[in-house]
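*Asks:* kindly return the folded structure for what I paste below:
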Amino acid sequence: KSLNAMEAGVEKLSVNDIVLKATALALHRHPGVNAKYHDGRVRLYRRVHMGIAVAVEDGLIVPVIRDCDRKNLTEIAQEARGLIERARARKLRPEEYSGGTFAISNLWMYEVVEFTAVIDPAHGAILAVGAFDQKPAVMNGQAAVRQRMRLTGAFDHRIIDGAMGAKFLQDLKKILENPVQLLL
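*Replies:* This next block holds a predicted model:
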């Protein structure tokens, strides 16, 4: 809300755009999670190409924002919207849905608070993003109702063990709780 209120006429940001950027930054900091297992080997990626799971009539397609960690929030918002619209209209080109290094799936529009996403064989991990719910929390010694969102990571344990996945999720949480990092 704060970012969208800053400038009129600029592409409006969604929570999805913020999660995409934060995840890309966390992947940049945890390159072992930006990987996949293929033909008996681990392949680590230097570039973060973020896949976005999009429901279509007869299944799912995962368009890709390339170099997501190097783009600003407005660029991510514009590109994500375009890819999602073309995916739903079945107008994606093959290069727009191949080559992802990590994926995000969200079900908040279905009011699903928590779920485990299935890892696409093209990736080594996926982040499941649930709906917001309101929970009591203590902030600065005072009880308050806060919006909360659940993130669940699914990791291919041939390459990403639980501790590595947990450190990635821990860093992602810190970025989302201190979003000024997204503007740097």
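*Asks:* all helices of the protein, in order?
*Replies:* 2-6, 15-29, 73-88, 162-177 (DSSP state H).
*Asks:* Val112 is nearest to which of those helices?
*Replies:* Closest to Val112 of these is helix 15-29 (CB to CB; 14.5 Å). Placement of C-beta: from N, CA and C, glycine included.
*Asks:* quick check: angle from the closest one to helix 73-88?
*Replies:* Orientation of helix 15-29 against helix 73-88 (axes from the mean of the first three to the mean of the last three CA atoms, to 10 degrees) gives an angle of 110 degrees.
*Asks:* could you dump helix 15-29 to CSV, C-alpha only?
*Replies:* Provided in CSV are the C-alpha atoms of helix 15-29 (Å, rounded to 0.1, in the frame of the first residue of the first chain):
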residue,chain,number,x,y,z
VAL,A,15,2.0,-8.7,-3.2
ASN,A,16,3.0,-11.2,-5.8
ASP,A,17,5.4,-8.7,-7.3
ILE,A,18,7.0,-8.1,-3.9
VAL,A,19,7.3,-11.8,-3.2
LEU,A,20,8.9,-12.4,-6.6
LYS,A,21,11.5,-9.7,-6.0
ALA,A,22,12.2,-10.8,-2.4
THR,A,23,12.5,-14.4,-3.5
ALA,A,24,14.9,-13.5,-6.3
LEU,A,25,17.1,-11.5,-3.8
ALA,A,26,17.1,-14.5,-1.4
LEU,A,27,18.1,-16.8,-4.2
HIS,A,28,20.9,-14.5,-5.2
ARG,A,29,22.2,-14.8,-1.6
